[in-house]
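S.K.: give me coordinates for this.
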Amino acid sequence: MRDALSLLSARNFAFLFFGRCVSFLGNAMAPVALAFAVLHLTDSASALGVVLAARMAPNVVFLLVGGIISDRLPRHVVLVGSNLVAGGSQAAVAFLLITGAAEIWHLVVLEAINGAASAIFYPADTSVVPLTVPEHRLQQANAFLRLGANLTMIGGAAIAGLSVAIFNPGWTIALDAATFFVAAALLSQMRGIRAAAGKGASVFAELREGWTEFIAHRWLWTIVIQFTVVLIGFFGAFLVLGPVVAERDFSGAGSWAAIVAGQSIGFMGGGFVALRWRPGRPILVGTLSVFGNALPIAALALSLPLPVIVAAALVNGLGMELFSVFWYTALHEHVAPEALSRVSAYDALGSVALSPVGLVAAGPLSDAIGVDATLWAGAVLIVVPTALVLLVPEVRSLQSKRLAVEIPAAPLGVAEA
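M.R.: Down below sits the predicted model:
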């Protein structure tokens, strides 16, 4: 841990780290507050699915735009701009909820704006990390970044559960908006980050170059296809029906916050593990950990006691954190740096392109076949594609470069220069 903390001696990495921590504090509050704001307005799982889908739908367009922009412009500038837009949209949501003027269509429009900002943010956020640390410390940097963010998410989930239970959910959304503005201020202090690639002949030419790099790695595009299906099941079952089960079987917002906090603790535990553990075949280990996504969904479907569901969410979070660290490190190590933002955009787009289908369909499907049966359907959509992707040889065999072991640490200032 002392070695990981030394990463903060690099100015750019330090501002990236603290900016992400502040942003993730708000991100942990928003799902709890938004879910119960919609349920209080409509008492409808279908309405909640529509609002969540509206936030994800802009990914279809804006992820690719974000990938191009993030390769053309200094990536920290893109991070600042997207945070400012996201903060503005959440401030508007908060105002409408606090004043009692909110209607579902308001939330749909504003969350779509928030989703567009998030879509532009993601490729820059993924691809800026290699510009802040030496290559041989990439896995450690990825693990430490996510560890800090997940630690703040635990606090965010706890604050959200308490504030939603006591106050109007709009006040929690207002605090989320404030975190975006603080994060933008921190990220604006990064220096010396230059554009990774020059302006191409055309937008389509740049997209084609990114696509060529994307499909050159079979382990990459097959796992993206896997997650296209996995996230339909996970988002629809966990994000939409999880709060419904918490409201039906437990204490509502407080119980759901406990489940989300358990998942966040798992994220943090996975981060600690990833700081030191460097498996020889990280993508294989990460893919096996994806099976844990089905655990909290199965626990909800079985109506198990709340502590068991929280424990299942913790295991889910731990496994997904390992996958995320190993996945991002593999992208940083094996993808051409000048195309990394665009490849990250294709990765995110392919993974979440159909996720709104799960969000929108979860409510009506649960009305038709029942909440528990819909949860089991979500679990199947996680397990089956994860098992199938293990048949791909590159997924099982891709190896880490192990640079952290073979090369002694270099001064962090070199990465900033």
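S.K.: if I pick Val285, what's in contact with it?
M.R.: 279, 322, 326 (CB atoms under 8 Å, 6 or more residues apart in numbering). (C-beta placed from N, C-alpha, C; glycine too.)
S.K.: how about JSON lines for the residues you listed, with pLDDT, distance to Val285 and neighbour count added?
M.R.: Output for the contacts of Val285, formatted as JSON lines (pLDDT from 0 to 100; distance: CB to CB, whole Å; neighbours: other CB atoms under 10 Å):
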{"residue": "Pro279", "pLDDT": "88", "distance to Val285": "5", "neighbour count": "14"}
{"residue": "Leu322", "pLDDT": "93", "distance to Val285": "7", "neighbour count": "27"}
{"residue": "Phe326", "pLDDT": "93", "distance to Val285": "6", "neighbour count": "27"}
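S.K.: identify, from these, the entry nearest to Ala165.
M.R.: Of all these, Leu322 has the smallest distance to Ala165: 32.3 Å, by CB to CB.
S.K.: tell me the helices and strands packed up against the one helix or strand the closest one maps to.
M.R.: Element membership of Leu322 [criterion: DSSP states H and E] is helix 306-334. If you count contacts as 3 or more CB pairs under 8 Å, 6 or more residues apart in numbering; DSSP states H and E, helix 306-334 packs onto helix 138-166, helix 218-234, helix 253-276, helix 282-289, helix 294-301, helix 340-352.
S.K.: apply 7 Å and report the result again.
M.R.: Counting contacts by 3 or more CB pairs under 7 Å, 6 or more residues apart in numbering; DSSP states H and E, helix 306-334 packs against helix 138-166, helix 253-276, helix 282-289, helix 294-301, helix 340-352.
S.K.: next, the angle from it to helix 294-301.
M.R.: Angle of helix 306-334 versus helix 294-301, following axes from the mean of the first three to the mean of the last three CA atoms, to 10 degrees, is 160 degrees.
S.K.: tell me what angle the lengthiest helix in the chain forms with helix 138-166.
M.R.: The longest helix of the chain (DSSP state H) is helix 11-42. Per the same axes, to 10 degrees, the angle that helix 11-42 makes with helix 138-166 is 30 degrees.
S.K.: what residue ranges in the stretch 201-350 of the chain score low on pLDDT?
M.R.: 201 (pLDDT under 70).
S.K.: cool, the stretch 51-200 of the chain as well?
M.R.: 195-200.
S.K.: picking up where we left off before, so which of the helices and strands packed on helix 306-334 is nearest Ile193?
M.R.: Nearest of those (CB to CB): helix 340-352, 12.4 Å.
S.K.: so which bits of the helix or strand following that closest one are buried?
M.R.: Beyond helix 340-352 on the C-terminal side, the first helix or strand identified by DSSP H and E is helix 355-369. For helix 355-369, the buried set under the neighbour-count rule, 16 or more other CB atoms under 10 Å, comprises 355-363, 365-366.
S.K.: circling back: helices and strands around the longest helix of the chain, which ones?
M.R.: Against helix 11-42 (3+ CB pairs under 7 Å, 6+ apart) you get helix 45-56, helix 104-128, helix 138-166, helix 169-187, helix 241-249, helix 253-276.
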